[in-house]
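Engineer: Fold the following for me, if possible:
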Amino acid sequence: MWNSLTYSLSDHPVGKDPQAMRTGQRQNKGMRTRLGCLSHKSDSCSDFTAILPDKPNRALKRLSTEEATRWADSFDVLLSHKYGVAAFRAFLKTEFSEENLEFWLACEEFKKTRSTAKLVSKAHRIFEEFVDVQAPREVNIDFQTREATRKNMQEPSLTCFDQAQGKVHSLMEKDSYPRFLRSKMYLDLLSQSQRRLS
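Structural biologist: Numbering: from 1, shown residues only. Below you'll find the model as predicted:
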């Protein structure tokens, strides 16, 4: 009885700022849209704009049909475009394989490390997060590549993940990328950007 009374009084709109309530409702709706989009299979997601970085409408206005179409030119073109990465990440989440892209991105960021002290700690973090056996977000690489990377951890360098990163890149390019290009998610994005031009 006391809990339900407390709940109903604290949730009552009297005394609350109406603007704050509207903002909260918009944020909740946006979050539901994003979560709904990601909870569906990749072939059934129609509100692709919810996963784009920045504000969806502003992001979609910046994304031209030409840019989105170029993502089909090559996997590296897709990875070089921030909205391409965001779209591909959302697609991989629907397939429960986003760790591959996250590992690849972590390696790219790692290669920019200039401090030797940071290099060692970052290398061990990446290895423990993605490469080690039973890592929380373990990537799918063969035993030899995993062991070669483990040996590289003895003296980490900017190239210590190159072999593993290459294998993961190749796996995504041959497996996930073609499915992404055929997905309803990508085709809907192209369609939405074309409609905006008409």
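Engineer: any weak-confidence spans in this structure?
Structural biologist: For the chain, residues meeting the criterion pLDDT under 70 lie at 1-62, 196-198.
Engineer: switch the cut-off to 90
Structural biologist: 1-65, 117, 189, 191-198 (pLDDT under 90).
Engineer: Check the gap between Asn100 and Ser64 for me.
Structural biologist: Noted for Asn100: a distance of 27 Å to Ser64, by CB to CB, to the nearest Å. The C-beta positions use only the backbone N, C-alpha and C, and glycine is treated the same way.
Engineer: who has more neighbours, those two?
Structural biologist: Legend: neighbour count by other CB atoms under 10 Å for Asn100 and Ser64, higher for Asn100 (23 against 13).
Engineer: Go ahead and confirm that one touches Lys174.
Structural biologist: No: contact between Asn100 and Lys174 fails when scored by CB atoms under 8 Å: they sit 11.7 Å apart.
Engineer: Just the helices from this structure, written as ranges.
Structural biologist: Listed in chain order, the helices of the chain (DSSP state H) span residues 2-10, 18-39, 56-62, 65-70, 75-79, 82-94, 98-110, 116-126, 143-152, 162-171, 177-182, 184-197.
Engineer: got the end-to-end distance for stretch 130-149?
Structural biologist: Length of stretch 130-149, first residue to last, CA to CA, to the nearest Å: 11 Å.
Engineer: and that stretch, which residues are buried?
Structural biologist: Neighbour counts over stretch 130-149 (16 or more other CB atoms under 10 Å) mark Phe130, Val131, Asp132, Ala135, Val139, Ile141, Thr145, Arg146, Thr149 as buried.
Engineer: can you check stretch 172-183 too?
Structural biologist: For stretch 172-183, burial by neighbour count (16+ other CB under 10 Å) applies to Met172, Ser176, Tyr177, Phe180, Ser183.
Engineer: Over to stretch 75-95?
Structural biologist: The neighbour-count check on stretch 75-95 (16+ other CB under 10 Å) flags 75, 78-79, 81, 83-88, 90-94 as buried.
Engineer: Pick the one among those closest to Lys167.
Structural biologist: Phe75 (14.0 Å; CB to CB).
Engineer: give the contact list for that closest one.
Structural biologist: Applying CB atoms under 8 Å, 6 or more residues apart in numbering to Phe75 gives the contacts His169, Met172, Glu173, Tyr177.
Engineer: Now those residues in CSV, please, with extra columns for distance to Phe110.
Structural biologist: Putting the contacts of Phe75 into CSV (distance: CB to CB, whole Å) gives the following:
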residue, distance to Phe110
His169, 14
Met172, 18
Glu173, 20
Tyr177, 22
